[in-house]
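*Asks:* model the structure of this input:
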Amino acid sequence: MVNQDIVLRLLNNIEGYVSDLRDSRDITHNKYIGDIRLQRFVERTLQIAVEASMDVAHHIISDEGWREPNSYADAFVVLAENDVISKVDSKTYRLMAQFRNRIVHYYEKVDPEQVFAVFAGHLNDFDAYVKSVRKWILRRTTSYEG
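*Replies:* Prediction:
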């Protein structure tokens, strides 16, 4: 059975990272492109939000004994296979994992325009992920109690 304390703590962390990014909505495109410190703040905060999302996936997969994912992105496919998230949403989260890999492994080639686009237009993807996982936990808790 899933260690809910760990998963809920990680979900809270994701919400905190996304809140930090939303609190920084005064970062306009021009400010972002012209300030390496802002770029690093946004990149790093997005990176750790994605990593926390992947940690959630791996905790659930491990605790439930589901098939071992063959990549970070595949962890979201495993969640979709087991109805934690929808198959449609799993595609979005796989792209998040690939985005994180580019930031971490190819940081010298990271396109600031792409990072800004994620910052400006995809924070709701994290909200949807957190909501789906919380809903799955609630369904599991309710089914065990009832």
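
*Asks:* where does the prediction get shaky in the chain?
*Replies:* 143-146 (pLDDT under 70).

*Asks:* how about the helices in it?
*Replies:* 4-22, 29-34, 36-64, 72-81, 87-105, 112-121, 123-145 (DSSP state H).

*Asks:* TSV for these, including mean neighbour count?
*Replies:* Glycine gets a C-beta too; all of them are placed from N, C-alpha and C. TSV is the format used below for those (neighbours: other Cβ atoms under 10 Å):
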stretch	mean neighbour count
helix 4-22	16
helix 29-34	13
helix 36-64	18
helix 72-81	21
helix 87-105	17
helix 112-121	15
helix 123-145	15
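
*Asks:* and V18, what is it in contact with?
*Replies:* Contacts for V18 (Cβ atoms under 8 Å, 6 or more residues apart in numbering) come out as 49, 123, 126-127.

*Asks:* swap that for R140, please
*Replies:* 1-2.

*Asks:* same check on D20?
*Replies:* Counting by Cβ under 8 Å, 6+ apart, D20 has contacts T45.

*Asks:* kindly reformat the contacts of V18 as a markdown table containing distance to H29.
*Replies:* As requested, the contacts of V18 are exported to a markdown table (distance: Cβ to Cβ, whole Å):
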| residue | distance to H29 |
| --- | --- |
| A49 | 20 |
| L123 | 16 |
| F126 | 21 |
| D127 | 22 |
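
*Asks:* ok, which pair from those is furthest apart?
*Replies:* A49 and D127 (10.9 Å; Cβ to Cβ).
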